[in-house]
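Peer 1: Got a predicted structure here, sequence first:
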Amino acid sequence: MQRAAGIKYDYSSMPSYADRILYRSNQEGIRKVEAIVYEPIHQFSTSLHKPMRGLFFLPDRKIRFDPSNQPQAVIVTFTHLKAKKLRIKDDILHSDINPYLEFSCDARCVKMSKSSKHRTETTYTTDRPTWPTQTVRYKVELSSSKRLNEIKDTLLHIRCMNEGIRASSVIGTVVIDLANIICKSISKEEWQQREVETHFYRGGTQTGKLYYNIKVRWEENE
């Protein structure tokens with residue numbers, strides 16, 4: 001922080017990370033975050049720490065392939081699904097947790113394979129369900145610039161549901177960024193990650209964890 005009117009320093013104190021905004025891109029080298037405004041607010045003089053404000057520019061996310069090696073499609077496969085520490089509404093007993101998963105994606109360029117199902121089987125009376133034999137596979141069409149433009153904002157929703165006697169209720173939702181996954185797999189004919197951990201949320205509150213293995217395979221041009 002530069003010296004300015006209204007700023008007093010206590011040289012016996014070390015600077016704190018409270019005086020900074022930390023930022024980074026999850027696609028370094030592809031989409032670089034640029035700080036347009038990054039400055040302290042000098043009007044605040046009641047503390048050694050100055051609140052910071054920033055305005056950042058993030059380029060539009062575009063999936064770029066080598067034109068000579070652009071795949072017609074990408075196959076995304078989820079396996080070894082399991083959840084832990086599921087939390088349901090306070091008025092429901094622990095023994096009433098009967099979870100299953102629902103998969104949904106609204107993008108027209110993303111299609112679930114015929115061998116996959118939009119929901120898993122229900123597991124009964126557990127907050128740590130597993131679906132070791134369940135495989136969920138999606139085909140993402142990338143054969144045109146229109147498809148590439150559509151996929152950049154495509155999200156996959158995985159909802160953990162609690163099966164009740166009369167109706168099911170939502171325990172929480174995981175949102176997966178398919179474009180980010182595809183970008184990670186670029187230049188690799190097959191890319192995979194094991195034991196990916198993410199969180200279910202309901203109304204802004206964390207309601208459990210989801211674990212899965214994911215594999216991405218390119219379909220080559222014919």
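Peer 2: Arrived safely, thanks for sending.

Peer 1: so what's the closest residue in space to residue 105 that isn't next to it in sequence up against?
Peer 2: Computed as CB to CB, 6 or more residues apart in numbering, the closest residue to residue 105 that is not its neighbour in sequence is residue 156, at 4.8 Å. C-beta: built from backbone N, CA, C; applies to glycine. Residue 156 is in contact with 103-105, 110, 138, 175-176, 178, counting by CB atoms under 8 Å, 6 or more residues apart in numbering.

Peer 1: Could you do residue 121 as well?
Peer 2: 100, 131, 134.

Peer 1: again, 10 Å this time
Peer 2: 100-101, 129, 131, 133-134 (CB atoms under 10 Å, 6 or more residues apart in numbering).

Peer 1: do residue 161 as well
Peer 2: Going by CB under 10 Å, 6+ apart, the list of residues near residue 161 reads 98-102, 119-120, 122, 167-173.

Peer 1: mind redoing it with 7 Å?
Peer 2: 99-100, 102, 168-171 (CB atoms under 7 Å, 6 or more residues apart in numbering).

Peer 1: Go through those residues and give me the one with the most neighbours.
Peer 2: residue 99 (26 neighbours; other CB atoms under 10 Å).

Peer 1: Helix or strand: which one has the residue nearest to residue 105?
Peer 2: If you go by DSSP states H and E, residue 156 is part of strand 155-162.

Peer 1: same thing with residue 83?
Peer 2: Per DSSP H and E: strand 73-84 holds residue 83.

Peer 1: what's that strand packed up against?
Peer 2: strand 130-131, strand 136-141, helix 178-185, strand 205-219 (3 or more CB pairs under 7 Å, 6 or more residues apart in numbering; DSSP states H and E).

Peer 1: what comes up buried for the second one?
Peer 2: Of all the residues in strand 136-141, those buried under the rule 16 or more other CB atoms under 10 Å are 136-141.

Peer 1: again, but for the last one
Peer 2: Within strand 205-219, the residues that count as buried by 16+ other CB under 10 Å are 207-210, 212, 214-219.

Peer 1: From the chain's centroid, how far away is that strand?
Peer 2: In terms of CA atoms, centre = their mean, to the nearest Å, the centre of strand 205-219 is found 9 Å from the chain centre.

Peer 1: who touches it?
Peer 2: 71-87, 158, 160, 171-172, 174, 181-182, 185, 189-201.

Peer 1: Excluding sequence neighbours, find me the nearest residue to the residue nearest the centre of the chain.
Peer 2: Among the residues of the chain, the one closest to the centroid is residue 176, at 4.1 Å (CA atoms, centre = their mean). Distances taken as CB to CB, 6+ apart place residue 156 nearest to residue 176, at 4.3 Å, with adjacent residues excluded.
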